[in-house]
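In: Fold the following and give me the result.
(2 chains)
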Amino acid sequence: MVEKGGIIQLKNIDVTFHNEGKTIEAVKNVSINVNKGDIFGVIGYSGAGKSTLVRVINLLQKPTSGEVIVNDKNLTKLSVKDLRKERKNIGMIFQHFNLMRSLTVFGNIDFPLRDSKLSKQERKEKVNKLLSLVGLEDRANNYPSQLSGGQKQRVAIARALASDPEILISDEATSALDPKTTTEILNLLGRLNKELGITIVIITHEMDAIKQICNRVAVMEDGKLIEEGDLLTIFGSPKKKLTKDFVDTSTQISSVLDEIKESGIVKSLSGRLVELNYIGNVTNEPLVVELYKKFNVEANILFSNIERLQSTTVGIMLFALTGDDDKVSAAIEYLNSLNVNVKEIDITESEED
Amino acid sequence: MTNFINTYLPNVVANWEGDNGFVVAIWQTLYMTFVSAIFAGIFGIILGILLVVTTDDGITPHKNFYNVLDKLVNLFRSIPFVILLAVIGPFTKLVVGQTIGPKGALVPLIIGTAPFFARQVQLALVEVDHGVIEAAEAMGLSPMKIIFRVYLKEGLPELIRSGTFTTISLIGLTAMAGAVGGGGLGNMAIAVGYQRFENDVTIVSMIFILILVFIIQGIGDLLVRKLEH
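Out: The predicted model follows:
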């Protein structure tokens, strides 16, 4: 990220569509830098322009203005022929798999190899290797129509890898899959990233997908990039409202808060409600004990969600603190000093910010 | 059997052999059908592909070219075949040297069928999943390779279906061309059977045409079934 640019650099990308007199700005002045080996996630609701943005990377979508630099080559300046050559270095997988119906699994994976210099035998070996990489050795002679969604996406991944690309773009590749299959496919992508060192850009509307494998995240809204950073920062301290929403749906804290407010449980406890966010090693139990010992404040855990992201603990907790008012205030101050992000929640207020 | 034929189909027997007989007529119909099917097939596929790739969201969009071709195809498709036969007479003579007989029927048959088939090809290829085309583009395939490896490959079952359909309607046209001097089973049914009140000849001509239609339909269905997964 320092002086040398990343493997993918999008600079001031604008994409504008003209449709029957109407002008739609799908992407507005977006710059992204993806480093080699990253799993870079782009998240946003549908219509946010994220799909348009990633399709700019291999110029399936030509930007209205801006530069696309992949592997130090400015793709926007290449001839059609050179661009085709560069595209072989950028694999792509899609929401609806986009496999050839008329070809077997083997044929689909072999498809991008037809123009390679490999001999028939070498091609066969390569396809078999890819098949075992995605765990479909026994499916070589099946047709796509005989496979499940997850298997089809595995074939698509193997096909995308056939030309040994350094970059893999995943365009909502798990959106048509059930949660279990989604996890499997994401794990496979994560494994490929580790084993092959392939740089991956995934776009999705699911925070869980991002959480599972990405190390960097960009949030898009209304064609603009509104927040970008490494996963822990985005997840631990989201700044923009939309980013918070995505994190909240993932931790479920919003729905829990709503429930608490409705049930009036805190009033009956006659306590103050605080939300704690922390990254790193702080655990619930000692905190609860400590607050009681030091301040004689009872901490009632109403909700707790602890996750491992990038082998770091990220936690979110809701405490109802009961005790003398000044003691509670002192307790909150103490929590603040522990590198825990404390936010007191006014339960009478219906909606914050 | 021989008795039955002699009793009920006397005119068929009388008209079986000879220059204007059934045997010759069947060959003429087969000749007109297959030669024009081959040429109309080639022209139709080329025109159909051009329509698909030059349309707005095709792989090589070209608005003006598409518009002109689209209008031309519509124009030729709109001319009733009997009139087309007469109108392009001079052109036919220029190309094959005669306007009558099976050979003279070829040119109007091809010109009458190619635009029709082009439209069928266009419809068949437009059905090919756009996502697959996009995937091929993302793999760095050239438009030519996308046409041959994706469009024609993925669209093949549908192309055969429309090819079968077009060939069958082509047989209908050969009968019409036959009636105005092209020869073949159409000529047999009208010039001999209908105009000389030899009804058995008309009916047997029809049966031969139906057999031809069934065979072509059967082959088409078989191919499609083999290709679809």
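In: per the record, what domains does chain A have?
Out: A:8-241, A:252-345 (automatic domain parsing).
In: Switch those over to TSV; also include mean pLDDT.
Out: What follows is those, written out as TSV (pLDDT from 0 to 100):
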stretch	mean pLDDT
domain A:8-241	93
domain A:252-345	79
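In: so what's residue 41 up against?
Out: With no chain named, the answer covers chain A. A:201-204, A:209-210, A:213-214, A:216-218, A:231 (CB atoms under 8 Å, 6 or more residues apart in numbering or on different chains). The C-beta positions use only the backbone N, C-alpha and C, and glycine is treated the same way.
In: was after chain B, sorry
Out: Contact analysis of B:G41 by CB under 8 Å, 6+ apart lists B:117, B:163, B:166.
In: For the strand or helix carrying the second one, list the C-alpha coordinates in PDB.
Out: Following DSSP states H and E, the helix or strand that holds B:G163 is helix B:156-177. Extracted C-alpha coordinates of helix B:156-177, given in PDB (Å, rounded to 0.1, in the frame of the first residue of the first chain):
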ATOM      1  CA  LEU B 156     -27.000 -26.400 -31.400                       C
ATOM      2  CA  PRO B 157     -30.100 -28.200 -30.200                       C
ATOM      3  CA  GLU B 158     -32.300 -25.200 -30.800                       C
ATOM      4  CA  LEU B 159     -30.600 -24.700 -34.200                       C
ATOM      5  CA  ILE B 160     -31.400 -28.200 -35.200                       C
ATOM      6  CA  ARG B 161     -35.000 -27.800 -34.100                       C
ATOM      7  CA  SER B 162     -35.400 -24.700 -36.300                       C
ATOM      8  CA  GLY B 163     -33.500 -26.400 -39.100                       C
ATOM      9  CA  THR B 164     -36.000 -29.300 -39.000                       C
ATOM     10  CA  PHE B 165     -38.900 -26.900 -38.900                       C
ATOM     11  CA  THR B 166     -37.500 -24.800 -41.800                       C
ATOM     12  CA  THR B 167     -36.800 -27.900 -43.900                       C
ATOM     13  CA  ILE B 168     -40.300 -29.000 -43.500                       C
ATOM     14  CA  SER B 169     -41.800 -25.700 -44.600                       C
ATOM     15  CA  LEU B 170     -39.300 -25.800 -47.400                       C
ATOM     16  CA  ILE B 171     -40.900 -29.000 -48.700                       C
ATOM     17  CA  GLY B 172     -44.100 -27.100 -48.700                       C
ATOM     18  CA  LEU B 173     -42.500 -24.500 -50.900                       C
ATOM     19  CA  THR B 174     -41.000 -27.100 -53.300                       C
ATOM     20  CA  ALA B 175     -44.600 -28.300 -53.900                       C
ATOM     21  CA  MET B 176     -45.600 -24.800 -54.700                       C
ATOM     22  CA  ALA B 177     -42.600 -24.200 -57.000                       C
END
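In: Output the contacting helices and strands for that helix.
Out: The helices and strands touching helix B:156-177, judged by 3 or more CB pairs under 8 Å, 6 or more residues apart in numbering or on different chains; DSSP states H and E, are helix B:22-54, helix B:81-87, helix B:101-126, helix B:184-187, helix B:199-227.
In: what's the most buried one of the ones you listed?
Out: Most buried of the helices and strands packed on helix B:156-177 by mean neighbour count (mean count of other CB atoms under 10 Å in any protein chain shown) is helix B:184-187; its value is a mean of 27.
In: Report the rounded mean pLDDT for that one.
Out: For helix B:184-187, mean pLDDT rounds to 88.
In: And the contacts of that helix?
Out: B:25-26, B:28-29, B:31-32, B:102, B:105, B:174-179, B:181, B:205, B:208-209.
In: follow-up on the earlier one: buried deepest among the domains of chain A, which one?
Out: Highest mean neighbour count among these (mean count of other CB under 10 Å): domain A:8-241, with a mean of 19.
In: Let me see the confidence value for B:F148.
Out: pLDDT, B:F148: 96.
In: From chain A, how far off is it?
Out: According to CB to the nearest CB, to the nearest Å, B:F148 stands 11 Å off from chain A.
In: longest single helix anywhere in chain A?
Out: Of all the segments of type helix in chain A, defined by DSSP state H, the longest one is helix A:179-196.
In: Which secondary structure elements does it sit against?
Out: strand A:39-43, helix A:149-161, strand A:167-171, strand A:199-204, helix A:207-213.
In: Nearest to A:R114 among those would be which one?
Out: helix A:149-161 (11.9 Å; CB to CB).
In: Mind exporting the C-alpha coordinates of that closest one to PDB?
Out: C-alpha atoms of helix A:149-161 as PDB (Å, rounded to 0.1, in the frame of the first residue of the first chain):
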ATOM      1  CA  GLY A 149     -25.500 -25.300  -7.100                       C
ATOM      2  CA  GLY A 150     -22.500 -25.700  -4.900                       C
ATOM      3  CA  GLN A 151     -20.900 -28.300  -7.300                       C
ATOM      4  CA  LYS A 152     -21.600 -26.000 -10.300                       C
ATOM      5  CA  GLN A 153     -19.800 -23.200  -8.600                       C
ATOM      6  CA  ARG A 154     -16.900 -25.500  -7.900                       C
ATOM      7  CA  VAL A 155     -16.700 -26.300 -11.600                       C
ATOM      8  CA  ALA A 156     -16.800 -22.600 -12.400                       C
ATOM      9  CA  ILE A 157     -14.000 -21.900  -9.900                       C
ATOM     10  CA  ALA A 158     -11.900 -24.700 -11.500                       C
ATOM     11  CA  ARG A 159     -12.600 -23.200 -14.900                       C
ATOM     12  CA  ALA A 160     -11.600 -19.800 -13.700                       C
ATOM     13  CA  LEU A 161      -8.400 -21.200 -12.400                       C
END
